[in-house]
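Asker: Turn this into a model:
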Amino acid sequence: MRILMMAGCVLAAGTILFAAGDEAALRSAMKEIGPTCSGLGKKIKAKDATASADAKKLVASFSPVHKFWKAQKAEDGVTFSRTAVGEFKTVSKLTAQGKWEEADASFKKATTTCGGCHGAHREKATDGSWRVK
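Answerer: Below you'll find the predicted structure:
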């Protein structure tokens with residue numbers, strides 16, 4: 001009985017540590033995504049040809065985000081991240097072609113998707129920080 005209880009405690013601790021590691025990867029990705037996304041919006045408005053590279057960077061940055069929501073079995077999070085990736089891929093193609101208005105429309109769809117996920121899965125703590133809910 002004692003061994004069974006210890007095994008349960010070890011399993012629970014491992015699960016908590018694994019989830020914390022996943023959340024750390026999510027936070028790290030978000031710290032990269034935020035500034036890159038903000039810069040991308042400005043580059044699209046300025047018709048800056050380097051916008052395509054930023055959009056490609058965002059596509060890659062969403063890999064840990066998608067992985068996190070998949071591990072959490074949060075279907076809406078998976079859908080949000082998949083949609084954002086699709087829109088950023090479109091933005092990359094359109095900016096490379098110089099189709100700035102269409103790129104801006106796709107960019108807005110992507111950021112609306114981001115906002116939906118943040119609304120559903122972020123909670124502001126009393127100290128002003130954010131946590132995953």
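
Asker: Report the buried residues of stretch 79-91.
Answerer: The neighbour-count check on stretch 79-91 (16 or more other CB atoms under 10 Å) flags 80-91 as buried. C-beta coordinates here come from the backbone N, C-alpha and C atoms, glycine included.

Asker: how about these in TSV, adding secondary structure, distance to residue 106 and pLDDT?
Answerer: Shown next, in TSV, are the buried residues of stretch 79-91 (DSSP: H, G, I helix; E, B strand; the rest coil; distance: CB to CB, whole Å; pLDDT from 0 to 100):
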residue	secondary structure	distance to residue 106	pLDDT
80	helix	15	97
81	helix	16	97
82	helix	15	97
83	helix	11	97
84	helix	11	97
85	helix	12	97
86	helix	9	98
87	helix	5	98
88	helix	8	98
89	helix	9	98
90	helix	4	98
91	helix	5	98
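
Asker: closest to residue 119 among these?
Answerer: residue 80 (10.0 Å; CB to CB).

Asker: Ignoring the adjacent residues along the chain, who's closest to that closest one?
Answerer: Distances taken as CB to CB, 6 or more residues apart in numbering place residue 117 nearest to residue 80, at 3.8 Å, with adjacent residues excluded.

Asker: swap in residue 28?
Answerer: Per CB to CB, 6+ apart, closest to residue 28 is residue 64, 7.2 Å.

Asker: mind listing what the one you found touches?
Answerer: 25-26, 28-29 (CB atoms under 8 Å, 6 or more residues apart in numbering).

Asker: The chain: helices as residue ranges?
Answerer: For the chain, applying DSSP state H gives helices covering 2-46, 51-61, 63-71, 75-96, 100-121.

Asker: Run through this structure and note the low-pLDDT ranges.
Answerer: Within the chain, the stretches with pLDDT under 70 are 1-21.
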